[in-house]
Each structure stands twice: as structure tokens, then as C-alpha cells.
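sequence and predicted model, in that order:
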Amino acid sequence: MNYIILIFCSIILPNISLKHIKPKICINCKYFLPDNDDGKYGKCSLFPKNNPIFLVNGIQNEEYYYCSTSRDTISMCGEEGKYYKKKIVKKKNIK
């Protein structure tokens with residue numbers, strides 16, 4: 001009986017503990033809007049800013065929160081990436 005427990009602990013438990021959870025990275029999200037540089041100042045198209053000037057001049061100016069802001073705020077995406085959706089990249093057939 002002790003051997004069965006020993007085998008279970010030495011084979012099964014390490015495999016269960018090796019499961020690694022991949023973090024949800026904003027750059028791989030479909031709502032990510034890249035900046036011109038390295039993505040440090042990328043924005044999230046899922047969370048537009050309220051624009052009170054639109055009510056004054058009627059010009060629609062699309063402004064979005066930075067990804068770092070939306071990941072820090074619990075009511076938005078949060079650290080765990082509640083609204084994360086993986087970006088689907090279609091490969092082009094070049095002939």
C-alpha cells in the first residue's frame with residue numbers, strides 16, 4: 001500500500017504541478033491598438049474615453065485608454081484580463 005502512495009506522489013503530483021498558466025498579454029488581444037514604437041503606449045479599443053467636447057462642437061474624436069490603465073483598473077479589464085479575446089491572424093497565401 002505504501003508503494004502505491006509513493007508511486008502516485010512521485011509520478012502524478014509533479015505532472016499536475018507543472019501546469020503553467022499563460023498570462024493574457026494585451027499585444028495579443030484583438031482590442032489592442034499599437035502605437036508607432038514598441039507597444040509601450042498601446043491603447044485598448046474596448047474602452048473609449050468619454051468626450052465631453054463632442055457635445056460642444058459635434059466632432060467625434062476617438063480617444064481610448066492606455067492598456068496599462070485598463071489592466072490596472074478593476075472595473076475595466078483588470079490584472080487577469082477579463083475581456084481579453086485572442087487576436088486571430090489570417091495567413092496570406094503568397095504565390
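In hand now; what should we look at? Numbers count the residues shown, from 1 in each chain.

A strand includes Ser45, no?
Yes. Counting by DSSP: H, G, I helix; E, B strand; the rest coil, Ser45 is found in a strand.

stretch 83-92 - what's its average pLDDT?
Average pLDDT, stretch 83-92: 83.

now stretch 61-72
86.

please enumerate the strands of the protein.
Applying DSSP state E to the chain gives strands spanning 32-33, 43-48, 64-66.

dump these into JSON lines; add mean neighbour count as well.
Just so you know, the C-beta spots here come from the backbone N, C-alpha and C atoms, and that holds for glycine as well. As requested, the strands of the chain are exported to JSON lines (neighbours: other CB atoms under 10 Å):
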{"stretch": "strand 32-33", "mean neighbour count": "18"}
{"stretch": "strand 43-48", "mean neighbour count": "18"}
{"stretch": "strand 64-66", "mean neighbour count": "18"}
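
for Lys86, which of the ones you listed is the nearest?
For Lys86, the closest of these is strand 32-33, at 10.9 Å, according to CB to CB.

summarise which helices and strands the closest one is packed against.
Packed against strand 32-33, as judged by 3 or more CB pairs under 8 Å, 6 or more residues apart in numbering; DSSP states H and E, are the following elements: strand 43-48.

the strands of the chain: which one's closest to Lys24?
Closest of these to Lys24 is strand 32-33, at 11.1 Å (criterion: CB to CB).

can you give the strand pairings for that closest one, parallel or anti for each?
Pairing partners of strand 32-33, with direction, according to DSSP bridges: strand 43-48 (antiparallel).

using PDB, list the CA coordinates for the partner strand.
The C-alpha trace of strand 43-48 is given here as PDB (Å, rounded to 0.1, in the frame of the first residue of the first chain):
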ATOM      1  CA  LYS A  43      -4.300  51.600 -26.400                       C
ATOM      2  CA  CYS A  44      -7.400  49.400 -25.800                       C
ATOM      3  CA  SER A  45     -10.200  50.000 -28.300                       C
ATOM      4  CA  LEU A  46     -12.700  48.300 -25.900                       C
ATOM      5  CA  PHE A  47     -12.600  51.200 -23.500                       C
ATOM      6  CA  PRO A  48     -13.200  54.600 -25.200                       C
END
